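# here is the input, now give the coordinates:
(one chain, ligands or ions: 1)
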Amino acid sequence: MVTAKKRKRRPVTQAQKDRSAASRTGAREALHAYAVLCLTNPAELEHFRDIAASIGWKLDPASDEPGYSLQNALLLAAQRRPLTHCGGFDYWLSQGRAVAEGEKSLGTWRHVGRKKTDEEKAKEKEQAEDGWQSSKRGPRYYVKKGTFDVAQTVPRARCPYCGTAPAGEDDRTTQCPPDCAVFAPRAGSKPPRVIVVELMQAQLLESDEDGEE
Ligand SMILES: [Zn+2]
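As a prediction, this is how the structure comes out:
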């Protein structure tokens, strides 16, 4: 019984493949360097836990709960620090803010294709137990650009916290003062230290695993 709709796929050009591979490699390099930094400097590790608490994190990447997977929190922090509150272009518009002129977006890992249902996962497991091997060709994740920290955004209208207002409709440079409450870290729960350390140690091993293309 097949109920899933077939989606037409646009052919992927070699240039797109190259760009995608380059951004994955760049992300892995940034992660590797950041993991080394945190594992050798306890203050950096604690800073990461604070960042994760502020931007919001979740243990299960597949869950629909709000927040970033720890892997994504790590990738975001590897690209920019400090971070206090992250979101996409449209999210910031919904918050009455706009991405400031000249700001470059941060990347997060995205899963290729839709999420597997529990049924499909169970079936795969059953088949694996029967000796079937799932083909693991190609990347399962890609880097999706488009995330910005609040410090990369400016008020679109009068800021409700500090009263700063843009000079005109197209003004994307007038920023709130650094002490505006919009930049304040949020109080969230920190990810357990042991899990963070495990995740960072895994980054050091994973660098070799992407050589299959
Ligand atoms: Zn403000």
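
# for the chain, which helix is longest?
Among all segments of the chain classified by DSSP state H, the helix with the greatest residue count is helix 14-40.

# any stretches of the chain with poor pLDDT?
1-8, 114-116, 131-139, 207-213 (pLDDT under 70).

# show me where it has strands.
If DSSP state E is used as the criterion, the strands of the chain fall at 57-58, 68-69, 86-88, 97-99, 106-111, 141-149, 153-155.

# interface residues of this structure facing the ion?
Applying C-beta under 5 Å from the ion, we find that the chain lies next to the ion at 159, 161, 162, 164, 176, 180, 182. C-beta coordinates here come from the backbone N, C-alpha and C atoms, glycine included.

# burial count for the spatially closest residue to residue 34 that is not a sequence neighbour?
In space, not counting the residues next to it along the chain, residue 34 is nearest to residue 78; the distance is 3.7 Å by C-beta to C-beta, 6 or more residues apart in numbering. Here the number of neighbours of residue 78 (other C-beta atoms under 10 Å) works out to 23.

# contacts only, for residue 78.
For residue 78, the contacting residues are 27, 30, 31, 33, 34, by C-beta atoms under 8 Å, 6 or more residues apart in numbering.

# let's see 6 Å
Under the criterion of C-beta atoms under 6 Å, 6 or more residues apart in numbering, the neighbours of residue 78 are 30, 31, 34.

# most neighbours, which of the residues you listed?
Neighbours here are counted as other C-beta under 10 Å. On that basis the top member of the contacts of residue 78 is residue 31, with 24 neighbours.

# that's all I had, so thanks and see you.
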